[in-house]
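Engineer: give me a 3D structure for the following:
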Amino acid sequence: MKIGLFGGSFNPVHSTHIDVSKAVMDRLGLDRILLIPAGNPYHKGREDMLPCEMRYEMVRLAVENRPGLEVCDIDMGADGPTYTVDTLTEAAARFPHDELFFIMGQDSFETFSLWKDWRKIPELANIVAVSRAEADHGAMARELARIFTGLERTGENVWKIHGGKSIYIIDDLDFAISSTLVREVWENGGDVAQYVPGAVADYIRSHGPELKRFWR
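Structural biologist: Take a look at the predicted model:
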């Protein structure tokens, strides 16, 4: 089975998260994509970060009745900072017979070589880097060539890493919505229904007093 792993703060999850998940799943023929909300310790000091339980519940609602999309608690119990290499190590232990695909945005990919134990990551999972066409202009491919040696191009925007797995670049997706935009609309009294799945909009409406403790 091919499993995509899409981590993030999801503060909150929004429609672009879902659209990107479905696009990656369709293009790469993945069987499942797990959306993984980051745990609390990683975001210590961010006053606008909702507790992981609330963010997890909104992701659960967002993927409900969407075939192939699931929420995953792999980072929920982290005792300290959550690092991608640790998340993927745990995922490999949970799914030892499956092929893993780690999904990241262009901004993350451009700092990839600064991550903890970053060279181990393509040993644990294939990497899927996504961006808008107007934002990339070949930047991710150039960064890929800079940080890895012995790359073998195996297809259009697909490379094989020597001793590791593959890296896929998908550079034509739509990133029209951000979590920051959703929070700003909500904080200004606007309706977020056009930016988030319906069940998430209902959750936000019904949890106003709790949200006000974090989103101001």
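
Engineer: how about the helices of the chain, start to end?
Structural biologist: 15-28, 52-63, 84-94, 106-109, 121-124, 133-136, 139-147, 179-187, 198-206, 208-211 (DSSP state H).

Engineer: just those helices: most buried one?
Structural biologist: Ranked by mean neighbour count, the helices of the chain are led by helix 52-63 with a mean of 22 (mean count of other CB atoms under 10 Å). The way it works is simple: take the backbone N, C-alpha and C, and place the C-beta from them, glycine included.

Engineer: packing partners of it?
Structural biologist: Applying 3 or more CB pairs under 8 Å, 6 or more residues apart in numbering; DSSP states H and E, one finds that helix 52-63 contacts helix 15-28, strand 32-37, strand 69-71, helix 198-206.

Engineer: what is the neighbour count of residue 212?
Structural biologist: When neighbours are defined as other CB atoms under 10 Å, residue 212 has 11 of them.

Engineer: measure stretch 155-169 end to end?
Structural biologist: Using CA to CA, to the nearest Å, the end-to-end distance of stretch 155-169 comes out at 11 Å.

Engineer: sorry, back to before: wait, which of the helices and strands packed on helix 52-63 is closest to residue 90?
Structural biologist: strand 32-37 (10.0 Å; CB to CB).

Engineer: contacts for the closest one?
Structural biologist: 1-10, 13, 17, 21, 24-25, 52, 55-56, 59, 62-63, 68-72, 74-76, 87, 91, 103 (CB atoms under 8 Å, 6 or more residues apart in numbering).

Engineer: run the last query once more with 6 Å
Structural biologist: By CB atoms under 6 Å, 6 or more residues apart in numbering, the surrounding residues in contact with strand 32-37 are 3-7, 10, 21, 25, 52, 55-56, 59, 68-72, 74-75.

Engineer: so what strands line up beside it?
Structural biologist: According to DSSP bridges, strand 32-37 forms sheet pairs with strand 2-8 (parallel), strand 69-71 (parallel).

Engineer: need the contact list for residue 72.
Structural biologist: By CB under 6 Å, 6+ apart, the neighbours of residue 72 are 34, 36.

Engineer: rewinding a little: how about the strands paired with strand 32-37 in CSV, adding mean neighbour count and distance to residue 193?
Structural biologist: Output for those, formatted as CSV (neighbours: other CB atoms under 10 Å; distance: least, CB to CB, whole Å):
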stretch, mean neighbour count, distance to residue 193
strand 2-8, 21, 21
strand 69-71, 20, 20
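
Engineer: among those, which comes closest to residue 165?
Structural biologist: Comparing the strands paired with strand 32-37 under CB to CB, the one sitting nearest is strand 2-8, at 11.7 Å.
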